[in-house]
Structures are given as structure tokens and as C-alpha cells.
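>>> sequence plus predicted model, see below.
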Amino acid sequence: MRKTIYTILYNLLAVVVLAQAPNKFSYQAVITDASNQILKSKSVGLRFSIIKDNASGPSLYSESHQTITSKYGQVSVEIGGGTVLSGAFGNINWKAGPYFLKTEIDPEGGTNYTITGTIQLLSVPYALYSNLSGNSLPGPKGDTGEDGNKGQTGESAYDIWLSLGNSGTKQDFINWMKGPKGQDGIGSGNDFIHFIGEAYGGGIIFHLWKDENETEHGLIISKSDLHTNIEYSNFYKSTTEATSLWDGESNTNAILEEADYNPCAALLVVESKVEGFNDWYIPAMDEMILMHRNLFTINKALSSISGGSPISVDKNSNLAEYWTSNSDESDTTLGFSYRFVPGEFHKSPKIFTKKLRAIRKF
């Protein structure tokens, strides 16, 4: 079945952006399928033709490109730099326009072009022509002519974006065109909307990831310690099943499932409702490691926001240790605590007191 491909010029509809005059100009587009799904990281074939006089006029020049769309469905090529199929780009007399750009696309990456679109070239031909004008002296300035009739306002890129089934404000459209913001210091750049060290969701973001559906998730640390001197649990010799290395939320719930649990670390966390959120929990060991990995960025951010206090890093005092949600099931009297400097886990009796910092996720 023939598939329709829609393209949106990335910078400005119906205007091609000047690159290195006089031999090239750039073309950028976002390519989607008939269901308005962006074709991400997909090989596509492109053919461009420069047409004279009108959209169905004679072709003076034609070239092809093979390229791969970005993770956002964008293609970016230079017309004048492809594989020449006919004509000579440098021989086009831009003064003799108007000219039109015919675009043909094969979504399977070959030369079976299944979509054709044509737009009039506006500014670029004249910018190119200006480079061919030589060094002659300009003639005298003529009289200013009468104002012509105002033309009909065309559709904006935002209007076309909406017509393709998208929704949102113009700012949403601008953000979509820019692409999501990348993580702070990790990743390849423009992969995430949020960033490490961002004040968000009642605290500071310290980790980001995406699931199999490319949905963004993150971990948030509370602005300050919930307690500076609290027991892990009153269950000094009890099996709690709080053993997950990465899921502090399940560990915290496992602690609370013990009968007759007294108001120690886990209960304090879940009832805290810090910044209006009621889904805080005690971090697991792996989540502590993620905090340590971005400790500089976290503490810098915590030091700059109202109500924030940095994580304690006193290497000479056990008062700088924080409870994790992990219990040592080989010895049910012990829980694991963590000291950020030098970065060590310790086994401590559950009735000892340590610092407590909560986290949540989105």
C-alpha cells in the first residue's frame, strides 16, 4: 500500500535557507507517515529538481540524496551537493526566475519516490544571484513605486503542525522544534526535557532515564534532610524483605508491612508530604550510588534554592551517614547506611540513629 509522507520545513515553510552561496543552499524537514508518526532514525531517499517558471515547468537541474532521519525524524541536506542526475547547478541563471523546488521522497531509502511536493523558491535564488553580479557600479536609485495589494496571509508552520494532529500552544511547538534538552554532563546531548540539578517536583533531579516507550522518568531528592537522628526500625531482629538494590520504594513498603511498626524512618518518610507530595521513600543502595555520582551538581543546586540544604559529606563523623532502605537479611539486626565521603556502605544496628533524606520519582 502506498504510504503518504508529510514534510515540515524546519526553519521556515516555503523559504529555503541560504548556506554557502552561490553553490549550495540547505534543506531541512521533519518526515512523518500517514498516521502522523515521525519516522525516527529511518533511511530515506530524496530527489530534488529546480523547475523554471511554474510548478509544472521544465526541470533545469536534478540531484538525489540518501540520508537517515534523526531521532526526531529530521533530515538536513545541502541542495547543490547531492548526486547530479541532470543539468548543472552552477549554470542556473537565478535572475531569470521564478524558480520552484520539487521534492520527491522514498521512505524506504531507495529511488522509488512515492511523494512529490513543490514549493516556490523565494529569497535564495536572489541571494545566489547577488553573488553573480560582479563588481559593476550600481545604477541610480529609481522612484519608489506604489504599494501593491496586500497578499493573502499563508499558513504558518505552527498552523500546519496543528493540522497534522498535534495539539498545544505556540510555545509547545517551539519546544518541539528545538528538541528536548539533554542531561547535565551525561548522554549525547538533546535527549531529555529535564536535566540533572533541576529544581523540580519538590526537590532536585539527580537521575534521568527513558523506558521502552521513550517516556522520560527521573529521580528527585528532597531539598533537606527529613531527620538528622532517627532509627532505621524498631524491629531489631525482624525479616523485612527490604532487599531490592534498586527499588527503594518497594523496600520502604516492605518495612511498613511489619506489624506494630513504630514511627521510625520509613513511616516518617511516607507521612512527610514534603512540598505537597506524598510518594516519598527511602533510597535503595543503587539509588544512593546515583546520588553520589551527581553529588557536585546536586549540592550546588541545593545550595542555591530556597529551603535547600546540601547532603552532609563529613568523612570523619558517623553523623554524616544516611540510612538506605536496605535491610541485611543475613543478620536481621542490621540495616545499611551510606557515607557520601569517601563513598562507603556500612552495616549498622537498626536501632542506631542516622540521617534521613527522602527521594521520589516521576
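Arrived safely.
>>> share the number of residues neighbouring residue 304, please.
Neighbourhood size, residue 304 [other C-beta atoms under 10 Å]: 11. The C-beta positions use only the backbone N, C-alpha and C, and glycine is treated the same way.
>>> all helices for this protein, in order.
Applying DSSP state H to the chain gives helices spanning 123-130, 157-163, 170-178, 248-256, 265-270, 285-293, 295-302.
>>> could you tell me the least trusted of those?
Mean pLDDT values for the helices of the chain show the minimum at helix 123-130, a mean of 50.
>>> residues in contact with stretch 331-346?
232-233, 236-240, 285, 288, 291-292, 295, 311-315, 318, 320-324, 326-328, 347-350, 354 (C-beta atoms under 8 Å, 6 or more residues apart in numbering).
>>> what do you get if the cut-off is 7 Å, keeping everything else the same?
Contact with stretch 331-346 is made by 232-233, 236-239, 285, 288, 292, 295, 311, 313, 315, 320-324, 326-328, 347-350, 354, as judged by C-beta atoms under 7 Å, 6 or more residues apart in numbering.
>>> just the ones of these in strands?
321, 322, 323, 324, 326, 327, 328, 347, 348, 349, 354 (DSSP state E).
>>> now these: which count as buried?
With burial judged by 16 or more other C-beta atoms under 10 Å, the buried subset of these is 321, 322, 323, 324, 326, 327, 348, 354.
>>> what would the residues you listed look like in CSV with pLDDT and distance to residue 302?
Compiled in CSV, these are given as follows (pLDDT from 0 to 100; distance: C-beta to C-beta, whole Å):
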residue, pLDDT, distance to residue 302
321, 90, 18
322, 92, 14
323, 90, 19
324, 92, 19
326, 86, 24
327, 85, 28
348, 85, 25
354, 89, 19
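>>> so who does the closest residue to residue 309 other than its chain neighbours touch?
Taking C-beta to C-beta, 6 or more residues apart in numbering, and ignoring the residues beside it in sequence, residue 309 has residue 224 as its nearest neighbour in space, at 4.3 Å. Contact analysis of residue 224 by C-beta under 7 Å, 6+ apart lists 307, 308, 309.
>>> distance of the last one from residue 195?
In this case it means residue 309. 21 Å (C-beta to C-beta, to the nearest Å).
>>> neighbour-wise, which of the two wins?
Per other C-beta under 10 Å, whichever of residue 309 and residue 195 has more neighbours is residue 195, with 19 against 14.
>>> quick one: the strands in the stretch 101-250 of the chain?
For the stretch 101-250 of the chain, strands defined by DSSP state E, counting those that start in this stretch occupy the ranges 115-120, 199-200, 203-210, 216-222, 227-231.
>>> what are the bridge partners for residue 99, then?
residue 52 (DSSP bridges).
>>> in the protein, which segments are predicted with low confidence?
1-23, 33-36, 122-166, 173-190, 234-239, 259-263, 316 (pLDDT under 70).
>>> so it: which segments form each domain?
Domain assignment for the chain by automatic domain parsing gives 6-130, 227-361.
>>> most tightly surrounded among the ones you listed?
domain 227-361 (a mean of 18; mean count of other C-beta atoms under 10 Å).
>>> ok, residue 222 touching residue 205?
No: Residue 222 is not in contact with residue 205 according to C-beta atoms under 7 Å; the separation is 12.0 Å.
>>> so what's residue 53 up against?
So residue 53 contacts residue 98 (C-beta under 7 Å, 6+ apart).
>>> ok so, going back, would CSV of the contacts of residue 224 with distance to residue 251 be doable?
Compiled in CSV, the contacts of residue 224 are given as follows (distance: C-beta to C-beta, whole Å):
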residue, distance to residue 251
307, 27
308, 26
309, 24
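>>> from these, pick the one nearest residue 52.
Distance to residue 52 across these (C-beta to C-beta) is lowest for residue 308, with 64.5 Å.
>>> so who does the closest residue to that closest one other than its chain neighbours touch?
Distance criterion C-beta to C-beta, 6+ apart; nearest residue to residue 308, sequence neighbours excluded, is residue 302 at 3.9 Å. Residue 302 makes contact with 204, 223, 308, 309, 310, according to C-beta under 7 Å, 6+ apart.
>>> report the two of those separated the most.
204 and 309 (11.1 Å).
>>> re earlier: could the contacts of residue 302 go into TSV alongside distance to residue 54?
Output for the contacts of residue 302, formatted as TSV (distance: C-beta to C-beta, whole Å):
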residue	distance to residue 54
204	59
223	64
308	64
309	69
310	68
